[in-house]
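J.: no sequence on hand, only this structure:
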C-alpha cells in the first residue's frame, strides 16, 4: 500500500475515533472479563485458609478444588465463578467467605484477517473501531479487498457468535463515519477478496473458518 493511501486511511481512522457507534441491534458484549482456559485463579477462604488454592483453568474449562471438586468456570465472570464455588463449598462449610482473584489472564485482543497488508492478532487498547483496526493491520490490499463487504464476528457464547457486514468503503467517507463500529475483545474482522454469497446473522463460532474460503458469486 502506498504512503498517501495509508496516510489517508489513518486520518480517517483518527476521525472515526471520536464518533459514537450505531449499534443497530448488533450484540454489545458485556465487557466483564469471562474466564478462559489457561487463566490462573487464586481462591481464598477467609476463615479456612487451609483450603486456599491457586489453580489454572484446564483446556476443558474446569478447575479442580479441594472442597468443591471439579467445577466448570470457563465463560463465567469472576462474580459468577465465585458464586458457583460458594454454592458448592457451602455443602461442606458453614457460610464460607470466599474471594476470587484473577492472577493471570488473556489480554484483550482482536483479529484482522483477509485482504490487509499485515493480518494477525492485535492487542486491544482502549477504544478501537473497525476502520482503525484495518489501519493497524497495514491497510487494505489495493485492488483485492472487497471492503464493501467486511464481516465482523462477535462471540456471544462458548460456541456461538453474531455477524455484522460493514461497508468500509462507505464508512470511510466523511458523512458515514458515525457508522463505524467499536470493537470488543475477541472480535474477528474479515476483509474478503470476493463477495460472500450468504452470511448468516448467527453462527457457530467453531464454524467461522468457512468464511475464509467463500464461494464467489
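T.: Nice, thanks for sending it over. On a predicted model such as this, the values are computed, not experimentally measured, just so you know.

J.: against the centre of this structure, work out the most remote residue.
T.: Distance from the centre of the chain peaks at residue 94, with 38.6 Å (C-alpha atoms, centre = their mean).

J.: what are the ranges of the helices in this protein?
T.: When secondary structure is read from DSSP state H, the chain shows helices at 3-17, 78-89, 130-136, 168-171.

J.: check those helices for me: which has the lowest mean pLDDT.
T.: Looking at those, the lowest mean pLDDT belongs to helix 3-17 (a mean of 43).

J.: so what's the residue positioned nearest the centre of the chain up against?
T.: When the chain is reduced to its mean C-alpha position, the closest residue under C-alpha atoms, centre = their mean turns out to be residue 186, at 1.4 Å. Residues near residue 186 by C-beta atoms under 8 Å, 6 or more residues apart in numbering: 29, 108-110, 154-155. (Glycine included, C-beta is placed from N, CA and C.)

J.: which of the residues you listed fall in strands?
T.: By the criterion of DSSP state E, membership of these in strands covers 109-110, 154-155.

J.: buried subset of those?
T.: With neighbours counted by 16 or more other C-beta atoms under 10 Å, the ones in strands among the contacts of residue 186 contain buried members at 110, 154-155.

J.: pretty sure residue 149 sits against residue 165.
T.: Yes - the pair residue 149 / residue 165 is scored as a contact, 5.9 Å apart, by C-beta atoms under 8 Å.

J.: and the strands in the protein, which stretches?
T.: Shown for the chain, the strands assigned by DSSP E span residues 40-45, 53-56, 62-65, 69-72, 98-104, 109-114, 120-123, 150-157, 160-166, 188-191, 202-204.

J.: what lines up beside the longest one in the sheet?
T.: When sheet partners are counted by DSSP bridges, strand 150-157 sits next to strand 160-166 (antiparallel), strand 188-191 (antiparallel).
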